[in-house]
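Asks: Give me coordinates for this.
(6 chains)
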Protein chains: 6
Amino acid sequence: MTSVDSSSALPAAIVRADGRAPDQLRPISITRGWSNQAEGSALIEFGNTRVLCTASLTQGVPRWLKGEGRGWVTAEYAMLPRATNTRSDRESVKGKIGGRTHEISRLIGRSLRSIIDLKALGENTIVLDCDVLQADGGTRTAAITGAYVALADALRWAKENKLVGRNAQPLIDTVAAVSVGIIDGVPMLDLPYVEDVRAETDMNVVVTGSGKFVEVQGTAEGAPFDRDELNALLDLALAGTVELAQIQRETLGESA
Amino acid sequence: MTSVDSSSALPAAIVRADGRAPDQLRPISITRGWSNQAEGSALIEFGNTRVLCTASLTQGVPRWLKGEGRGWVTAEYAMLPRATNTRSDRESVKGKIGGRTHEISRLIGRSLRSIIDLKALGENTIVLDCDVLQADGGTRTAAITGAYVALADALRWAKENKLVGRNAQPLIDTVAAVSVGIIDGVPMLDLPYVEDVRAETDMNVVVTGSGKFVEVQGTAEGAPFDRDELNALLDLALAGTVELAQIQRETLGESA
Amino acid sequence: MTSVDSSSALPAAIVRADGRAPDQLRPISITRGWSNQAEGSALIEFGNTRVLCTASLTQGVPRWLKGEGRGWVTAEYAMLPRATNTRSDRESVKGKIGGRTHEISRLIGRSLRSIIDLKALGENTIVLDCDVLQADGGTRTAAITGAYVALADALRWAKENKLVGRNAQPLIDTVAAVSVGIIDGVPMLDLPYVEDVRAETDMNVVVTGSGKFVEVQGTAEGAPFDRDELNALLDLALAGTVELAQIQRETLGESA
Amino acid sequence: MTSVDSSSALPAAIVRADGRAPDQLRPISITRGWSNQAEGSALIEFGNTRVLCTASLTQGVPRWLKGEGRGWVTAEYAMLPRATNTRSDRESVKGKIGGRTHEISRLIGRSLRSIIDLKALGENTIVLDCDVLQADGGTRTAAITGAYVALADALRWAKENKLVGRNAQPLIDTVAAVSVGIIDGVPMLDLPYVEDVRAETDMNVVVTGSGKFVEVQGTAEGAPFDRDELNALLDLALAGTVELAQIQRETLGESA
Amino acid sequence: MTSVDSSSALPAAIVRADGRAPDQLRPISITRGWSNQAEGSALIEFGNTRVLCTASLTQGVPRWLKGEGRGWVTAEYAMLPRATNTRSDRESVKGKIGGRTHEISRLIGRSLRSIIDLKALGENTIVLDCDVLQADGGTRTAAITGAYVALADALRWAKENKLVGRNAQPLIDTVAAVSVGIIDGVPMLDLPYVEDVRAETDMNVVVTGSGKFVEVQGTAEGAPFDRDELNALLDLALAGTVELAQIQRETLGESA
Amino acid sequence: MTSVDSSSALPAAIVRADGRAPDQLRPISITRGWSNQAEGSALIEFGNTRVLCTASLTQGVPRWLKGEGRGWVTAEYAMLPRATNTRSDRESVKGKIGGRTHEISRLIGRSLRSIIDLKALGENTIVLDCDVLQADGGTRTAAITGAYVALADALRWAKENKLVGRNAQPLIDTVAAVSVGIIDGVPMLDLPYVEDVRAETDMNVVVTGSGKFVEVQGTAEGAPFDRDELNALLDLALAGTVELAQIQRETLGESA
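Replies: Presented below is the predicted three-dimensional model:
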């Protein structure tokens, strides 16, 4: 288990309810291999948010990809009914998946595909399951960050088991994500639930290890935002994902 | 029917397949009141993309909002099965709504709520139905732009019918949306289908009449994008939505 | 666009709310090729009723027909949620198709198959999508009448693209449909919504260009009807469908 | 159990596979009160077709009828999976009701409502369940004919239990139904499955005890049909429903 | 029709509401071949409980069993909506199968598979449909007991039609089931509905003709039960299933 | 976290693949309060089987219980898609809950209700969610055993928060469950997956702290079982649940 407290040493006039500076991540913890069934897995925690990510790698591809010599990576996100403060009905019981679940599953899938060379993966399929066991804001960004670790381990497994060739390089970069938002006019990094509900603007940013954007999703929850606010949020997010990428590398036992 | 051809007079080295400059919108047409059943309606065309937007206003609010003295605005997006080049199965026949449909419906709803004062709307509900009759890229941004016109007319109707008070101002701004993307390294405005599938980066931007962002959704379809590319796309989108806001005002018979 | 006002010159003691004689059709308009995506399409209007009909032709047949050397024609009918005076929930959102939708889809499919030689069609499948954009009574009969035009154009396209042999004659007749009903004891042709809800008896009649019945569906909404009433309704329907067949031929550029 | 063999004494040149004349019903049997749970019930047999009809009467009406002082009658039709020669999947397992089931349920409901005075019924709801235990053609017409008996008994029960006033007359007529069709050019009455699949034209006719039409549903399965053929089929159906009405009266212990 | 009244001659201090002794079955009746469509069928009655069991035998096996040289036996249980004292909604209308239905279907399937040699059955599939036409307690145990008769007849049919080899012995035993329960401290056999709802402990026991257990499902509805109570219930159930096995043999025309 | 290794000191001729004696439990671990959102929670492990149990207590009862002065306890069981060795499709994605899930949810609910005085609980509802994070046999029995701990803590919370009166005693006993089975003729306790698939007979037994049966569910997977085998299995299960009850008490900080 790699656990890093990203508390920054900078003086900060504004102190958040949990004692953090505006540009500070919550304590991040990634437990690699938490599940012994999947080809890759990680239990990731951003403060009280806790997501179990597993990567299931199987030979073959969906029908619409057959014979193209490429692999596929997809994701499914879900929340346990009592991950949140009040219980939600199960989507299996309701018989349908809600719009929010669909939206986040698609975001995770796109994010992880962005750092995979599907050609190098060969005709294999990886399903990333991200199940939120406890929710306190930022579940989708924690899911992306944890899914990367599970994915990297599933690819090691695939090499060891010769499903991917020795010289193939399906993993072309790392990827991490973080939420940012404006609260009472102040841009802040990594919002827990109490901040998230008060944010005027809410943004999820997915960034590669090499510092490029994979997804930028900004939403005005209260008032629309201007270009300066957008830029301040992007600055915070880029700095936060640098820290997350470092934690991912340490978790995977890689040198920076 | 207000129909404007937004061809710009600037010289442009790069000419697109349909003859446009990179910073030029497709011909935009909005037919106000296309449906005679709804409280407000508009048939909007961005080139060959054709979306029927209706606004249904009813008294009362969903149960979870009851007694709060506020109204509600929501949206549903759908495509006719043969709006596209090959026929898709109907979601009603499949018995469930797909992730893409959910995602776009939610985007349209959030976008329109951003320019509504729900308190001033009173306990009324407006459902915006955006049905794509013909699809050629940019259906979600056309839907938002057209839904604004339907919404504005439904609010006029509500005032005339005294569901909203004479001095209430539920509409606090206008809103329009456009897609932008990078194709062969060149940022371009308002992508038709043939460009959309080739774009390395794809962004949908929703902007108020006063020039502030409501939504910024950028996705790396091919390679991740850097800060400069992001900025170039935002510049294009801001200019495009200024033109769209002008067409909306003309359609609604308002002076600029 | 072929648009015909079928007002008859006969003197008629009874004048309907919209000024028509009992045996007069509403203004009929058929816009051929309204959609540029489908192999055949038509926007048909019976007064304020407006239905978009598309014909999608693909090679191959459903599994249960494979290897029999015959083609297949089927139809799906649906209404936009705000086609009617008050908004209905979408069937995709409800997760199931209602009985009325099923019933009408099946009627349209049977009606169009009745004038197709499935052997001559070869192993091709045609799906007729009839989406009601605006509803004012008679949507199913407008759908059948418009679907015929879309179907005829899809078959021309199939010949041009050699999916159907040069000498094959899959189209063996034309087909059109109209509603009739008894209101205050008077048999009337082509009922708009206000008449439809008041009709004691309601009948939908589908007739070939050669004047034979494909479907006769008469329902006592109020009091049961006798043989004489049935005969009067059939007379009206046969005359109405002769007019509709003429409009179809003109739309398709065929001489009578 | 009332069981009547309706073999006619007329000489008939044409003899059917089961030995009947073209204008002859199959042996009809109605077992009144077959179920001891429902307010009214009947097991009806048309030859090998066997349908269990129950009438469930409860106080109150659906929400959309509340406070109007009228009752409601509706029907649900279904087939056991092995009612037919090859097993069908259960609609409950498939998770949706097919178009044919919907269509027939609606037909039965309309047919029975046609002979009920909903005002006289008061705010009571009757659900007619028609479950096909064994199918050999004509299941919908057997269902209507049997449902009438169950309905009549449920209304007697309602009077005895004072849910319907002593002088109220909710039942204003009787109703029965029969199928007719043209096989090898010959109009025939009450088609079993082997004839049904061969019929060029197939018609279901619902007729009141006083000889008026409630529903006429004629469909060209093979070639379209002309006015003379339509008239011959209606003649057969009217004669057949006279016999059925007689059997219904005997079953219910009423004098003709 | 084989009908046996299993009233025992023993003196019994305790007399049940229907006059039976605690260790006495209700009148049992099995009508073999009640349906003329299925390969095997039986209408079984335990007092007022009435279940129609059909066995559908088809060549081939589900995909997951292909090529293993073994057959498959499965079951589906359902209740007609008005089998019970108050009408239930149809599961097909609700669009999903309830937990109770699932649980019982699985129990019936396991019970019947326990006496089948799937290897000897060869690559054939048998579906047992058990539809409750009238319910008065013990529907699942009646279903198992009746399904055995339908299954045995389907296997005879399979031999006659050479789907199963002449010397193959797919049927290795008989199987029957009965419910037992403790009411007011007294263990009782074969509970009708009025007793079932009052039982403190309720047990369903499935036993082979050779007297071994296939399923034992005991549930404390009121107070938990001890080992002695469990043993008393098992004694009753074993005696009851001996009687049922005898009735099954007589129904199938086999000597004891 | 209370963690107990129940290895027994008895000599045992038969040693299982994981080194246990036939009558020995796997290492059991219960982490109380694993989730910080629910009123009560426990992560329970039986060897590699890992189930997260949460108890959600809310005021009020389901509609069918209103006004009766009693509370309600129910349960939902589910498995994460990659809890098992190969990934299963999510039930939310399939749009329906499988029979096995239904069956186990109902078993857990009944088991926990058996030790609750619903009258003493008052008009409160407790939902027990048991989500299998990792599966290695015995998930339903682990779920029941862990759910008891979550339930006990939710009831303490209810007392502290005055939803349940100070003197009310809703908890009338403890409850635990274990699986037993016969493998190669030897009765064994607490089967992991590799043993479960080989068991001839499989039994789940739910027992109160006072040693009475709540549920006995024995199933012949291979050959039917006789009375002696049943008794041997019950002996093993009773001894195993005594140990589990002891671990539950220690986890909850209660003296034995």
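
Asks: right, and the secondary structure at the spatially most central residue of chain A would be what?
Replies: Geometric centre of chain A, nearest residue: A:Ile144, 1.7 Å, by Cα atoms, centre = their mean. Judged by DSSP: H, G, I helix; E, B strand; the rest coil, the three-state class of A:Ile144 is helix.

Asks: pretty sure it is touching A:Val175, no?
Replies: Yes - applying Cβ atoms under 8 Å, one finds A:Ile144 in contact with A:Val175, separated by 6.6 Å. Heads up, the C-betas are built off the backbone N, CA and C, glycines and all.

Asks: Report the set of residues contacting both of these two.
Replies: When contacts are counted by Cβ atoms under 8 Å, 6 or more residues apart in numbering or on different chains, A:Ile144 and A:Val175 are jointly contacted by A:Ser111, A:Leu112, A:Val206.

Asks: So which of the residues you listed belong to helices?
Replies: The helices, defined by DSSP state H, take in A:Ser111, A:Leu112 from those.

Asks: Mark which of the shared contacts of A:Ile144 and A:Val175 are buried, thanks.
Replies: A:Ser111, A:Leu112, A:Val206 (16 or more other Cβ atoms under 10 Å in any protein chain shown).

Asks: Show me which of those is closest to C:Pro27.
Replies: Among those, A:Ser111 lies closest to C:Pro27 (Cβ to Cβ), at 54.6 Å.

Asks: Strands along the stretch 1-150 of chain A, start to end?
Replies: All strands of the stretch 1-150 of chain A, identified by DSSP state E, counting those that start in this stretch, fall at A:2-4, A:28-32, A:40-46, A:49-59, A:72-79, A:124-134.

Asks: Could you do the stretch 151-256 of chain A as well?
Replies: Assigned by DSSP E, counting those that start in this stretch, the stretch 151-256 of chain A shows strands spanning A:175-183, A:186-189, A:201-208, A:213-220.

Asks: ok, the first one: who's next to it in the sheet?
Replies: What it means is strand A:175-183. Taking DSSP bridges as the criterion, strand A:175-183 forms sheet pairs with strand A:186-189 (antiparallel), strand A:201-208 (antiparallel).

Asks: Please enumerate residues in contact with stretch A:87-98?
Replies: Contact partners of stretch A:87-98, identified using Cβ under 8 Å, 6+ apart, comprise A:78-79, A:81, A:101, B:96-97, B:99, B:102, C:95, E:95-96, F:56, F:58, F:76, F:78, F:90-97, F:101, F:127, F:129.

Asks: circling back: buried deepest among the strands paired with strand A:175-183, which one?
Replies: Counting by mean count of other Cβ atoms under 10 Å in any protein chain shown, strand A:201-208 has the highest mean neighbour count of these, with a mean of 25.

Asks: which residues are contacting that one?
Replies: Residues outside strand A:201-208 that contact it (Cβ under 8 Å, 6+ apart): A:107, A:111, A:114-115, A:140-141, A:144, A:173-182, A:191, A:196, A:213-223, A:225, A:229, A:233-234, A:237-238, A:241, A:245, B:216, B:224.

Asks: Would you confirm that A:Phe46 contacts A:Gln134?
Replies: No - contact criterion Cβ under 8 Å: A:Phe46 and A:Gln134 do not qualify, at 10.5 Å.

Asks: who's more crowded, those two?
Replies: Of the pair A:Phe46 and A:Gln134, A:Phe46 is the one with more neighbours under other Cβ atoms under 10 Å in any protein chain shown, namely 28 against 24.

Asks: Now the more buried one: closest residue in space that isn't a chain neighbour?
Replies: Spatial nearest neighbour of A:Phe46, excluding adjacent residues (Cβ to Cβ, 6 or more residues apart in numbering or on different chains): A:Ala142 at 4.5 Å.

Asks: For chain E, what is the nearest residue in chain A?
Replies: Nearest residue of chain A to chain E (Cβ to the nearest Cβ) works out as A:Gly95 at 6.2 Å.

Asks: Is it possible to get a markdown table of the strands paired with strand A:175-183 that adds mean pLDDT?
Replies: What follows is the strands paired with strand A:175-183, written out as a markdown table (pLDDT from 0 to 100):
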| stretch | mean pLDDT |
| --- | --- |
| strand A:186-189 | 96 |
| strand A:201-208 | 96 |
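
Asks: export those strands to TSV and tack on distance to F:Asp18?
Replies: Formatted as TSV, the strands paired with strand A:175-183 follow (distance: least, Cβ to Cβ, whole Å):
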stretch	distance to F:Asp18
strand A:186-189	47
strand A:201-208	43
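
Asks: Which one of those strands lies nearest to A:Val164?
Replies: When these are compared by Cβ to Cβ, strand A:201-208 sits nearest A:Val164, at 20.8 Å.

Asks: what is the orientation angle of that closest one with strand B:213-220?
Replies: Relative orientation of strand A:201-208 versus strand B:213-220 (axes from the mean of the first three to the mean of the last three Cα atoms, to 10 degrees): 10 degrees.

Asks: Restrict strand A:201-208 to CA atoms and write it as PDB.
Replies: Listed next in PDB are the C-alpha coordinates belonging to strand A:201-208 (Å, rounded to 0.1, in the frame of the first residue of the first chain):
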ATOM      1  CA  THR A 201     -18.200  25.900 -11.000                       C
ATOM      2  CA  ASP A 202     -17.100  22.300 -11.000                       C
ATOM      3  CA  MET A 203     -14.500  20.900 -13.300                       C
ATOM      4  CA  ASN A 204     -13.000  17.400 -13.800                       C
ATOM      5  CA  VAL A 205      -9.700  17.300 -15.600                       C
ATOM      6  CA  VAL A 206      -8.000  14.200 -16.900                       C
ATOM      7  CA  VAL A 207      -4.300  14.600 -17.600                       C
ATOM      8  CA  THR A 208      -1.500  12.300 -18.900                       C
END
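
Asks: just how off-centre is it within its chain?
Replies: How far strand A:201-208 lies from its chain's middle: 10 Å, per Cα atoms, centre = their mean, to the nearest Å.

Asks: now swap in stretch A:111-121 and tell me
Replies: Between the centre of stretch A:111-121 and the centre of its chain there are 16 Å (Cα atoms, centre = their mean).

Asks: Could you pull up the mean pLDDT of it?
Replies: For stretch A:111-121, mean pLDDT is 96.

Asks: Can you give me the buried ones in it?
Replies: By neighbour count on 16+ other Cβ under 10 Å, the buried set for stretch A:111-121 is A:Ser111, A:Leu112, A:Arg113, A:Ser114, A:Ile115, A:Ile116, A:Leu118, A:Ala120, A:Leu121.

Asks: ok, now stretch A:205-219?
Replies: Residues of stretch A:205-219 classed as buried by neighbour count (16+ other Cβ under 10 Å): A:205-209, A:212-219.

Asks: Check stretch A:150-163 too.
Replies: A:Ala150, A:Leu151, A:Ala152, A:Asp153, A:Ala154, A:Leu155, A:Trp157, A:Ala158, A:Leu163.

Asks: One more: stretch A:48-58?
Replies: For stretch A:48-58, the neighbour count (16+ other Cβ under 10 Å) marks A:Asn48, A:Thr49, A:Arg50, A:Val51, A:Leu52, A:Cys53, A:Thr54, A:Ala55, A:Ser56, A:Leu57 as buried.

Asks: ok, now stretch A:84-95?
Replies: The neighbour-count check on stretch A:84-95 (16+ other Cβ under 10 Å) flags A:Thr84, A:Arg87, A:Arg90, A:Glu91, A:Ser92, A:Val93, A:Gly95 as buried.

Asks: what's the first-to-last distance across it?
Replies: From its first residue to its last, stretch A:84-95 covers 20 Å (Cα to Cα, to the nearest Å).

Asks: Spell out which parts of the stretch 51-200 of chain A neighbour chain F.
Replies: A:52, A:54, A:56, A:58, A:76, A:78, A:80-87, A:90-97, A:101, A:127, A:129, A:131, A:133-135 (Cβ under 8 Å from any Cβ of the partner chain).
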